[in-house]
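J.: pasting a predicted model and its sequence here:
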Amino acid sequence: MAEKKRKGAERKEKAISYFDYNLLFLIIFLVCFGLVMLYSSSSYIAANSALFNYDGAYYLKKQLRNIILGAAGMIVLTFIDYRVWKRFSLLAYMGSLALCVAVIFVGSDSHGSTRWLDIGPISFQPSEIAKIGIILFLAMMLEKVAKQLKSGWNLLKVLFMVAPVIVVVAISNLSTAVILAGIAVCMLFVASPKYSHFIVVGIAGVCFVAVFIVTAGYRMGRIEAWLDPEAAGDLGYQTLQGLYAIGSGGLFGKGLGESLQKLGNVPESQNDMIFTIICEELGLFGAISVILLFMLLIWRMMIIANNAKDLYGSLIVVGVMSHIAIQVILNIAVVTNSIPNTGVILPFISYGGTSFVFLLCEMGLVLSVSRGIRLETIK
């Protein structure tokens, strides 16, 4: 008996570091799948355009560059303690706000919208940087005032703090502003002990979107095209061609690389409308598989958020999870004509520069939080 007690006293708890390899695998799989679908959806257009030097792999090469940059950022952020960014969260938010304001005055146009900043040979979208800025800033603020959020006024004060960047982004890019607002509301919802206040927040959000739609004629045109794409002429062309692609895919699709709609019929088939090509080539089976992959990704992030060692880390993961979930829902809703066209890309799969790089950086933050989890075992 004495021997057993002695051995029991010698047994010590040892904290084992955790790393979510499941999440990492899902990210790698989605990125690789995205490369395959990007090449399939863009090779014909690129190979037949002088703008791309008749290079069918033009978009593939550009995307590989984006992946290398994003993966480098993800690796670096994974191995930096996420709590370090608490000291820079206000700077990140103010810097992203300043860049978004600069877009209004000196931004460059593309596809009829002013969303980019050009600094020498580098062109980027500050609104993508604002997503990380809002996530880090709100995580820091909500950790400080979490116990005070029972008051609706305190909740509104936090919302007012992030309202400037949302309003500035909405001037040129309403869809991204909606995503930013969605991220903020989801983080507040998780941190707040009272949910009744969010009825007022929801009403305010609807009014906010309505004001920006009414004040821009082309947005009203998109709503008309959504209600009746056949009667909308050019405004409904992209929606109709996308629906034709989805409908022609059937249950198992025409086969990888066999899409007909990508041959110049579906505009932006490598960007916003890539999900329609997935549906045409891989069918309903492929579309559901992609949705399930995103659901698994979100589930892994929920596990990390629930087990994070502090509220700050948990809220960072909630912010990133909200970003991906909202963007996936908006993209699929647009291509299926469930909501008006908003120009939102499908994460990890659509072609993207700034958005792709910073999305991978966000995943680096999530993996960093996962590294902070400790598994208590008996040795």
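T.: In hand now; what should we look at? Residues are numbered from 1 along each chain as shown.

J.: report the rounded mean pLDDT for stretch 115-128.
T.: Mean pLDDT, stretch 115-128: 81.

J.: contacts for that stretch, please.
T.: Identification of contacts with stretch 115-128 by Cβ atoms under 8 Å, 6 or more residues apart in numbering yields 96, 99-100, 102-103, 106-110, 169, 172-173, 176-177, 180, 353-355, 358. Yep, even glycine has a C-beta here, placed from its N, CA and C like the rest.

J.: swap in stretch 57-66?
T.: In contact with stretch 57-66 (Cβ under 8 Å, 6+ apart) are residues 34-35, 38-39, 42-43, 46, 52, 55, 270, 351-353, 356-357.

J.: please pick the buried ones from those residues.
T.: Taking 16 or more other Cβ atoms under 10 Å as the criterion, what is buried in the contacts of stretch 57-66 is 34-35, 38-39, 42-43, 46, 52, 270, 351-353, 356-357.

J.: sorry, back to before: mind giving me the ChimeraX select for the contacts of stretch 115-128, buried ones only?
T.: The buried residues among those can be selected in ChimeraX (16+ other Cβ under 10 Å) with this line:
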select :96,99,100,103,107,169,172,173,176,177,180,353,354,355,358
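
J.: just the contacts of stretch 115-128: which are in helices?
T.: Counted as lying in helices by DSSP state H, out of those, are 96, 99-100, 102-103, 106, 169, 172, 176-177, 180, 354-355, 358.

J.: picking up where we left off before, widest-spaced pair of the contacts of stretch 57-66?
T.: Distance extremes for the contacts of stretch 57-66: the farthest pair is 43 and 357 at 22.8 Å, using Cβ to Cβ.

J.: in the protein, which strand has the most residues?
T.: Scanning the chain for the longest strand, with DSSP state E as the assignment, gives strand 113-119.

J.: neighbouring strands - and their directions - for the very next helix or strand once past that one?
T.: Using DSSP states H and E, the helix or strand that follows strand 113-119 in sequence is strand 122-124. Paired strands of strand 122-124, with direction, are strand 113-119 (antiparallel) (DSSP bridges).

J.: ok, back up a step: closest to residue 200 among the buried ones among the contacts of stretch 57-66?
T.: residue 352 (34.5 Å).

J.: ok, and the closest non-adjacent residue to that closest one?
T.: With Cβ to Cβ, 6 or more residues apart in numbering as the criterion, residue 352 has its nearest non-adjacent residue at 5.3 Å, and that residue is residue 345.

J.: any idea how far that neighbour is from residue 202?
T.: Distance, residue 345 to residue 202, using Cβ to Cβ, to the nearest Å: 25 Å.

J.: kindly report the same for residue 252.
T.: From residue 252 to residue 202 the distance is 40 Å (Cβ to Cβ).

J.: one more: residue 103?
T.: Taken as Cβ to Cβ, the span from residue 103 to residue 202 is 28 Å.

J.: just residue 337 next, same as before
T.: When distance is defined by Cβ to Cβ, residue 337 is 24 Å away from residue 202.

J.: give me the more crowded residue out of those two.
T.: Legend: neighbour count by other Cβ atoms under 10 Å for residue 337 and residue 202, higher for residue 337 (18 against 11).

J.: contacts only, for the more buried one.
T.: 226, 229, 239, 242, 243.

J.: count of neighbours near the third one?
T.: Residue 239 has 24 neighbouring residues, counting by other Cβ under 10 Å.

J.: and the next helix or strand past the one helix or strand it maps to?
T.: In this assignment (DSSP H and E), residue 239 forms part of helix 237-248. Next in sequence after helix 237-248, counting helices and strands by DSSP H and E, comes helix 274-307.

J.: and that following helix, what does it pack against?
T.: Applying 3 or more Cβ pairs under 8 Å, 6 or more residues apart in numbering; DSSP states H and E, we find helix 274-307 packed against helix 21-47, helix 237-248, helix 311-335, helix 354-371.

J.: the first one to helix 274-307, inter-axis angle?
T.: So the one you mean is helix 21-47. Angle, helix 21-47 to helix 274-307, by axes from the mean of the first three to the mean of the last three Cα atoms, to 10 degrees: 160 degrees.

J.: buried residues, helix 21-47. List them.
T.: Within helix 21-47, the residues that count as buried by 16+ other Cβ under 10 Å are 23-24, 26-27, 30-31, 33-35, 37-46.
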